[in-house]
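Engineer: structure of the sequence below:
(2 chains)
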Amino acid sequence: MEVSKSTVQELLVEEGKAAAEAPIQFIVIRLGEEQYGIDIRNIDNIVKMQSITRIPKMPDFLKGVINMRGEVIPVISIRRKMDLEDDVITKLTRIIVVKLEQEGNVGFLVDEVKEVVALSADEIEKITYNAKEEKSSLINAVGKHNEELISLFDLNTISLEEN
Amino acid sequence: MDVNQYLEIFLDETKEHLQNLNTQILELESDPEGEDTVNEIFRAAHSLKGMAGTMGYKRMQNLTHDMENVFSEVRNGNIKVQPKLIDVLFQCLDALEEYTENIQNNADEGTNDNEALIKQLNNILNEENAGGSAPKKEAAAAAPASAEPVGGDKWNDITLDESQISVIKEAQSQGKKVYGLNVVVQENCILKAARAFLVFKAVEEMAEIIVSMPSAQDVEDEKFDRDFTLILLSDAEIGRIITAAESVSEIEKAFGAPILLEENESYRKIEASEKAEAEEKEKEKELPAEASATAEAHAAPAAAPVQTAPAKQDTKKVSKPVVNRTVRVDIEKLDSLMNLVSELIIAKNSLVSVSSQEQTNTNSAFNEQIEYLEQVTTNLHESVMKVRMVPIESVVNKFPRMIRDLSKKLDKKLELYMTGEETELDRTVVDEIGDPLMHLLRNSADHGIESAELRAERGKPSVGSIFLDAYQDGNNVVIEVRDDGNGIDTDAVRDKAIERGSITPEQAANMTEKEIVNLLFLPSFSTAKKVTDVSGRGVGLDVVRSKIESLSGEVEVKTKLGEGSTWTIRLPLTLAIIQALMVVVGEEKYAISLGSIQTLEDILPTDVKLVQNKEVIHLRGQVIPLIRLNEVLDVESKKAADENLIVVIVKKGDKMAGLVIDELIGQQEIVIKSLGKYIKQCKFISGATILGDGEIALILDANALI
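Structural biologist: The predicted model follows:
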């Protein structure tokens, strides 16, 4: 038991070193007062707020569709998906277009795009999420940056079906 | 040598020939004496054999060879066409199709020798050949031999240089034979160079090519008219070489004979100055023997082609369509071209909207140019669409054969009548429509048409008729499968549905006949009392419907018990760009396909009546239900209750409805964009389109609203 535990720890340290050499970049966004991070490798584009065409008979987190370079892309409100109050559109509102594995390009409404941060693996802490809670299921890790905590989205788990 | 580059041509042509054979043999069955048909069959079989041989598919070649033998006897009148013969021939075609499929999938013909079939063919040959056909054959062979050489000895015009002459002389002194070979390509041959290449290849297997006129390079570049001439060194008989050359398809004729150097003009000139008498004498000794040997060999293979020649010209006038110059294009390239055209139309639309916004100060020249651009893009779009259109013929062609087989299998007399095979549809649709149509036809044959006794009892003609009609109707193409059989027994359907638990007896009591018929489209529903090989596994109709719906089409059935049923498939003509009417509901813009719109009406609020608590209007003697789009789409109407209603009358089949909108924008050409797979819940939105100002408008599917 003792031996295996230390081996595991060694491995973890090694892994950490390897990851530290290649930190992952995250785009930090704001939703209300909280900060969230989205892995930059998933992001296709960030566009300013534009008119969204509503689609009738859709769940309310599905805001509608926008035209991005001739492609019709659905826009999802993360706020509604997490059961927060509805988005308030301001000058700072952005649509982050993410390439999802299953659904292709999908836009996400955020209140503001703040900055890009690079987090090394030892600054990222995976969290075990509670499957019952919609809000936490979108978040799969927490990053520490300048003494601030950033919740990291795992957008590939987002379901476009009605809740 | 690499024949792979010709594999595609080979496959395409083989399929064409097979289809042709299928059609012609069917015709032969109904008219066993048709001379043209037999000739056509013979020619197709002959080409098939040649092609298979050149590509090195020996099994295929063997089978076609024996088929060809049978056809040739039929043509000579030594074999009578009998149902048994036709059956065997069809089995051969199936076997050939199998080979072709194997080749397409694995570039290999497979290992099935089809010995049983070959044996049957030979039996037919032997049975009939026992009589006095042999002398006839010889007589036939003798006649064309004397008519030789028609376009022949061109090789004597070839200018030989000294080195070539010395090669020839040397070879002759070594006992090799020197031949001249003149190959004539068919007049309408498209890929002359490829054919020539195949001839070269075939010839090179048994001979060495010394001289080619035009040069091999020129032949490869297609720089020759209709024939080319070769001088060959070979140990083989010239007859075999000629056969090999002629077995390449689209080769009309090959002439060959041993070369006499002294008949060559250039040689004569050189020789005159050199006077090498001794050698010439030696040659003269050899020649008589050689000549007689080759003449014999020559006569036999020459017999067949010469005989076909006159018939060939006859049918060419009658049945051969004018061959256009064509290019084969990858469908993906067409798709990307189509996408570009779509982008162009969007860009044009935005130019139009910019110009209309600044109407006050735009000059007329600008407007003119915009109009011109509009015209060009519309034409461009039409042309691209046309390129993608193919006649449904390629799909429905195989059905007569299928019905014939079904007729035998089910032991019912069936006749298929087809019209509108030339109706064109988008390529992608045509590729997909075959299976659903086949299902429906099988369905009609198996469930629809009654047994002979029942038909007699009902006073119907003993032969059951199945109709396949295709025609264009506005923006749609309609394909109807109709039969004069039993029709659908709605009671049986209802009982079955209750038994299966699809509906409750209470539900059943309230269902209209039409609703009951529609139950047939539910998954796993089959009313056939027993499962047959043909249909009745219950996987048919729901697959038919989902396939057609995936093509944005719809399928309907009308039926009358005891009289027959009609299945109507309605497909959109184009899939990507449509003419649409732009309308406003609340603050939102929507597009409605012009194809489904009948008229636009201005209706007084007082003209709206209530029937069964539903709003309807009276229009030219018809009662049309109203659909308030703002309610369907969950938006506030901008209009006051006492304002006149703007109603778009839409039609689906024979059903109509009036869609109440707030405002009309006008007609526009729109590019249909998919909303993606995640937005499916909304049945009546069929897609989206991007407007000139970059905004998105949704496309309303009027059919889903009615």
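Engineer: near B:Val463, how many other residues are there?
Structural biologist: 14 (other CB atoms under 10 Å in any protein chain shown). The way it works is simple: take the backbone N, C-alpha and C, and place the C-beta from them, glycine included.
Engineer: and it, how far is that from chain A?
Structural biologist: 52 Å (CB to the nearest CB, to the nearest Å).
Engineer: need the contact list for that residue.
Structural biologist: By CB atoms under 8 Å, 6 or more residues apart in numbering or on different chains, B:Val463 lies in contact with B:Lys413, B:Leu414, B:Glu415.
Engineer: just checking, B:Glu664 touches B:Val583?
Structural biologist: For the record, residue B:664 is Leu, not Glu. Yes: contact between B:Leu664 and B:Val583 holds when scored by CB atoms under 8 Å: they sit 5.8 Å apart.
Engineer: what about those two, which has more around it?
Structural biologist: Neighbour count, other CB under 10 Å: between B:Leu664 and B:Val583, B:Val583 has more, with 23 against 13.
Engineer: tell me which element that one is part of?
Structural biologist: Following DSSP states H and E, one finds B:Val583 within strand B:577-585.
Engineer: report whether that strand contacts chain A.
Structural biologist: No: counting by CB under 8 Å from any CB of the partner chain, chain A is not contacted by strand B:577-585; separation bottoms out at 9.8 Å.
Engineer: quick one, what contacts the residue nearest in space to the middle of chain A?
Structural biologist: Central residue of chain A (CA atoms, centre = their mean): A:Phe153, 3.0 Å from the mean position. Listed by CB under 8 Å, 6+ apart, the contact set of A:Phe153 reads A:Tyr36, A:Gly37, A:Ile38, A:Asp39, A:Ile78, A:Leu138, A:Ile139, A:Asn140.
Engineer: who does the fourth one bridge with?
Structural biologist: For A:Asp39, the beta-bridge partners under DSSP bridges are A:Phe26.
Engineer: what about it, distance to A:Leu119?
Structural biologist: Look at A:Asp39 and A:Leu119: by CB to CB, to the nearest Å, they are 10 Å apart.
Engineer: rewinding a little: now, of the contacts of A:Phe153, which are buried?
Structural biologist: A:Tyr36, A:Gly37, A:Ile38, A:Asp39, A:Ile78, A:Leu138, A:Ile139, A:Asn140 (16 or more other CB atoms under 10 Å in any protein chain shown).
Engineer: and the second one, which of the three is it?
Structural biologist: Reducing the assignment at A:Gly37 to three states with DSSP: H, G, I helix; E, B strand; the rest coil gives strand.
Engineer: so what's it closest to, chain neighbours aside?
Structural biologist: A:Phe26 (3.6 Å; CB to CB, 6 or more residues apart in numbering or on different chains).
Engineer: which residues of the stretch 401-550 of chain B fall in helices?
Structural biologist: B:427-443, B:452-457, B:490-500, B:505-510, B:513-518, B:540-550 (DSSP state H, counting those that start in this stretch).
Engineer: looking at those helices, which is closest to B:Ser364?
Structural biologist: helix B:427-443 (41.4 Å; CB to CB).
Engineer: residues of the closest one that come out buried?
Structural biologist: Result for helix B:427-443 [16+ other CB under 10 Å]: buried residues B:427, B:429-430, B:432-434, B:436-443.
Engineer: so that helix versus helix B:540-550, what angle?
Structural biologist: 160 degrees (axes from the mean of the first three to the mean of the last three CA atoms, to 10 degrees).
Engineer: can you name the residues in contact with helix B:427-443?
Structural biologist: By CB under 8 Å, 6+ apart, helix B:427-443 touches B:331, B:334, B:388-390, B:392, B:394-396, B:398-399, B:402-403, B:406, B:416, B:425, B:466, B:468, B:479, B:481, B:534-535, B:540-541, B:543-544, B:547-548, B:550-551, B:553, B:555, B:567, B:569, B:571, B:575.
Engineer: and it, how far from the chain's centre?
Structural biologist: 13 Å (CA atoms, centre = their mean, to the nearest Å).
Engineer: give me the common contacts of A:Asp39 and A:Leu119.
Structural biologist: Contacts common to A:Asp39 and A:Leu119, judged by CB under 8 Å, 6+ apart, are A:Ile24, A:Gln25, A:Phe26.
Engineer: near chain A, which residues of the stretch 251-400 of chain B?
Structural biologist: Residues of the stretch 251-400 of chain B lying close to chain A by CB under 8 Å from any CB are B:Glu343, B:Ile346.
Engineer: quick one, strands of the stretch 251-400 of chain B?
Structural biologist: Counting by DSSP state E, counting those that start in this stretch, the stretch 251-400 of chain B has strands at residues B:251-258, B:389-391.
Engineer: pLDDT-wise, what's the bottom of the contacts of A:Phe153?
Structural biologist: In terms of pLDDT, the weakest of those is A:Leu138, which scores 73.
Engineer: ok now do it, which residues does it touch?
Structural biologist: A:Ile78, A:Lys81, A:Met82, A:Phe153, A:Asp154, A:Leu155, A:Thr157, A:Ile158.
Engineer: secondary structure for those residues - can I get that in TSV?
Structural biologist: Shown next, in TSV, are those (three-state DSSP):
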residue	secondary structure
A:Ile78	helix
A:Lys81	helix
A:Met82	coil
A:Phe153	strand
A:Asp154	coil
A:Leu155	helix
A:Thr157	helix
A:Ile158	coil
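Engineer: ok, of these, which one's closest to chain B?
Structural biologist: A:Ile158 (10.7 Å; CB to the nearest CB).
Engineer: quick revisit: among the contacts of A:Leu138, which ones are buried?
Structural biologist: By 16+ other CB under 10 Å, the contacts of A:Leu138 give A:Ile78, A:Lys81, A:Met82, A:Phe153, A:Leu155, A:Ile158 as buried.
Engineer: okay, who's weakest in the residues you listed by pLDDT?
Structural biologist: Within the buried ones among the contacts of A:Leu138, pLDDT is lowest for A:Ile158, at 69.
Engineer: neighbours of the nearest residue to B:Thr54 once chain neighbours are set aside, how many?
Structural biologist: Nearest non-adjacent residue to B:Thr54, counting by CB to CB, 6+ apart: B:Leu198, 5.0 Å away. Residues lying near B:Leu198 (other CB under 10 Å) number 28.
Engineer: I'd say B:Leu198 and B:Glu246 touch.
Structural biologist: No: here B:Leu198 lies out of contact with B:Glu246, judged by CB under 8 Å, at a distance of 11.3 Å.
Engineer: hmm, back to that, export the shared contacts of A:Asp39 and A:Leu119 to CSV and append columns for neighbour count, pLDDT and distance to B:Asp12.
Structural biologist: Formatted as CSV, the shared contacts of A:Asp39 and A:Leu119 follow (neighbours: other CB atoms under 10 Å in any protein chain shown; pLDDT from 0 to 100; distance: CB to CB, whole Å):
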residue, neighbour count, pLDDT, distance to B:Asp12
A:Ile24, 18, 86, 52
A:Gln25, 13, 89, 52
A:Phe26, 24, 90, 54
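Engineer: what sits against residue 93?
Structural biologist: You didn't pick a chain, so chain A it is. A:Lys48, A:Met49, A:Asp87, A:Leu109, A:Val110, A:Asp111, A:Glu112.
Engineer: let's do chain B instead
Structural biologist: B:Leu18, B:Leu21, B:Asn22, B:Ile25.
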